[in-house]
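Participant: Starting from these lines, generate the structure:
(one chain, ligands or ions: 1)
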Amino acid sequence: MSETGKMQRNANSGNIDKPWGGRFQQSTEKLVEKFSASEHYDRRLCFHDIRGSLAHASMLARQGIISDKDLAAISEGLEEIRQEIEAGTFTWRPELEDVHMNIESALSRKVGAPGRRLHTARSRNDQVATDVRLYVREEIDRLDRLMHALQESLLHQACSFTGLVIPGFTHLQHAQPVLWSHHWLAYFQMFRRDRERLLDCRKRVNVCPLGSAALAGTGFPIDREYVARELGFDDITRNSLDAVGDRDFIIEFLACLSITMMHLSRMSEELVLWASSEFGFVELPDGYCTGSSIMPQKKNPDVPELVRGKTGRVYGHLVSLLTLMKGLPLAYNRDLQEDKEALFDAVDTTSICVEVMAGLVALVKPCADRLSEVTGKGFLTATDLADYLVGKGVPFREAHEVVGRAVASCIERGVELTDLDLEELKKFHPSVEGDVMGVLTPEGSANARNCPGGTGISAVRRQIQEAQAWLKEKAHEMEQGRREGDCR
Ligand code: ARG
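Facilitator: Okay, here's the model as predicted:
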């Protein structure tokens, strides 16, 4: 019999390496050990696991389920383990399956019997659910901070060239002039919604499943509210069967991340287009671009291209988890172990994308000459001419028709509306008068739109002020540490 086999049979002491060994005649196949191990990636939850165990042990002692001496030994042992992990001296053992068994077994090895009492009134099913919730909560708070920095970059752009007029598009066709500031503030609003969504998701994440045990709860006189408070949770879960098999909070979180990636990807697509020689609207910072190994003239927008590319990866993780869950009967199933790699990769991918885009956005420079050349073309002010006629009492539909004819005639002659003089404009409608020239310039057009949310300079100034106030409020909230800190 192998050494492990002998230990598994040692029923009196309780085997610290294979706790279920008592039931088994043979040891686990090596291939199965390798197949089912998750320790190499779920060790990322080690500090959350330790924090959860400390709260659980402290509750067990308070309730008289273990002694104060046991608690002291457990706390000391876990603290030592934490230090070893931080120092990189902890020995991770794949044959112990996962992070939970690795830590529990190391604890028992260190402190003996008290370590073997830690798992009283608990199962790995409620333990892992707790660890992942602590992890997601921490990541939400970290991502919120990264998104704050991204919004600062966007606001910085909006404040940098406030009067600059650029072409606005619909259907990727020239539509109406808009302010450069207005453009960046559009993205600011998207990430504001993303942050609000994340914080809303946090409410459903921040609920404590510990005490649900394997699936049915426990007969020990535990105090679930105490554990929840110790871990900074706002509430406890209401149904043990649901709590051990619920991964809605991860799916919801990945949906939030997917939406953020979608926003980043739209912004990336636009930057790739804008940096092309065809558009020539912006100059991207050298530090965020690469050259070509063969074509010396190239400056490639790799960063936004990669962000656009990585978006698919995050969507993929969301779909993986939805698919993982769709056929699972109550309560815990081992399939659930497959949630972690998707979750971790989605977090890493989104975090670095938000971070790199915050750096890039702050350094984008407008090509003012090209932008002014382009905004003077393409009949961007045609709507303004129609609105002008409406102001002179012409019904809008008629004005639209008249300006349409004027545009067609310009196209035929290869000129712009602004190239026409008053006499020529009058030919299209007798209501045209000398004051028409002011409305045909891109600046005049943009500045006319001062309704709330519009692109006019005073509307944009109000938008900037509101955005600044919102960010300040957020910064204040973050500073106050209104939310739970890290597990490290
Ligand atoms: N590694 C497992 C997971 O991630 C922990 C829970 C294991 N529970 C069990 N009954 N085998 O889901």
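
Participant: Near the ligand, which residues of this protein? Just list them.
Facilitator: By Cβ under 6 Å from any ligand atom, the part of the chain that sits against the ligand consists of 38, 42, 98, 124, 125, 128, 332, 334, 336, 337. For glycine as for every other residue, the C-beta is placed from the backbone atoms N, C-alpha and C.

Participant: could I get the residues you listed as a markdown table with secondary structure, neighbour count and pLDDT?
Facilitator: As requested, those are exported to a markdown table (DSSP: H, G, I helix; E, B strand; the rest coil; neighbours: other Cβ atoms under 10 Å; pLDDT from 0 to 100):
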| residue | secondary structure | neighbour count | pLDDT |
| --- | --- | --- | --- |
| 38 | coil | 19 | 98 |
| 42 | helix | 23 | 98 |
| 98 | coil | 24 | 97 |
| 124 | helix | 20 | 98 |
| 125 | helix | 21 | 98 |
| 128 | helix | 26 | 98 |
| 332 | coil | 22 | 98 |
| 334 | helix | 8 | 98 |
| 336 | helix | 22 | 98 |
| 337 | helix | 18 | 98 |
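
Participant: Tell me the one of those nearest residue 161?
Facilitator: Nearest to residue 161 among these is residue 42, at 47.8 Å by Cβ to Cβ.

Participant: mind checking how far the residue nearest to the closest one when sequence neighbours are not counted is from residue 312?
Facilitator: Distance criterion Cβ to Cβ, 6 or more residues apart in numbering; nearest residue to residue 42, sequence neighbours excluded, is residue 99 at 4.5 Å. Distance check for residue 99 against residue 312: by Cβ to Cβ, to the nearest Å, it reads 29 Å.

Participant: Over to residue 44?
Facilitator: To residue 312, residue 44 is 23 Å away according to Cβ to Cβ.

Participant: Neighbour count: those two, which is higher?
Facilitator: Neighbours per residue, other Cβ atoms under 10 Å: of residue 44 and residue 312, the larger number sits with residue 44, 17 against 10.

Participant: is it true that the more buried one touches residue 344?
Facilitator: Yes. In this structure residue 44 lies within contact range of residue 344 using Cβ atoms under 8 Å: 6.1 Å.

Participant: residue ranges of the strands in the stretch 251-400 of the chain, please?
Facilitator: Along the stretch 251-400 of the chain, counting by DSSP state E, counting those that start in this stretch, strands occupy 282-283, 365-366.

Participant: Columns mean pLDDT and mean neighbour count on top of those strands, output as CSV?
Facilitator: Shown next, in CSV, are those (pLDDT from 0 to 100; neighbours: other Cβ atoms under 10 Å):
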stretch, mean pLDDT, mean neighbour count
strand 282-283, 98, 18
strand 365-366, 98, 15
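
Participant: can you tell which of these is closest to residue 349?
Facilitator: strand 282-283 (25.0 Å).

Participant: so where is the stretch 101-250 of the chain shaky, pLDDT-wise?
Facilitator: For the stretch 101-250 of the chain, applying pLDDT under 70 flags no range at all.

Participant: try it again with 90
Facilitator: For the stretch 101-250 of the chain, the stretches flagged by pLDDT under 90 are 162.

Participant: where do the strands sit along it?
Facilitator: Going by DSSP E, counting those that start in this stretch, the stretch 101-250 of the chain shows strands at 165-170, 173-179, 207-208, 235-236.

Participant: partner strands of the second one, parallel or antiparallel?
Facilitator: Take DSSP bridges as the rule and strand 173-179 pairs in its sheet with strand 165-170 (antiparallel).

Participant: For residue 415, pull up the helix or strand it's in.
Facilitator: Following DSSP states H and E, one finds residue 415 outside all helices and strands.

Participant: Begin at 55 from now on, thanks
Facilitator: OK, 55 is where the count begins now, so the last one is residue 469.

Participant: what's the pLDDT at residue 352?
Facilitator: On pLDDT, residue 352 comes in at 80.

Participant: What residues does residue 412 make contact with?
Facilitator: Residues in contact with residue 412 (Cβ atoms under 8 Å, 6 or more residues apart in numbering) are 200, 203, 204, 206, 207.

Participant: where's the first one relative to the ligand, distance?
Facilitator: Distance check for residue 200 against the ligand: by Cβ to the nearest ligand atom, to the nearest Å, it reads 27 Å.

Participant: tell me the contacts of the residue in the stretch 355-504 of the chain positioned nearest to the ligand?
Facilitator: In the stretch 355-504 of the chain, the residue that lies nearest the ligand is residue 391 (3.6 Å; Cβ to the nearest ligand atom). Residue 391 sits next to 90, 92, 96, 152 when contact means Cβ under 8 Å, 6+ apart.

Participant: how many neighbours does residue 472 have?
Facilitator: 15.

Participant: Just the element for the residue located most distally from the centre of the chain, please.
Facilitator: Within the chain, the residue lying farthest from the chain centre (Cα atoms, centre = their mean) is residue 477, at 56.7 Å. Element membership of residue 477, judged by DSSP H and E, is helix 476-482.
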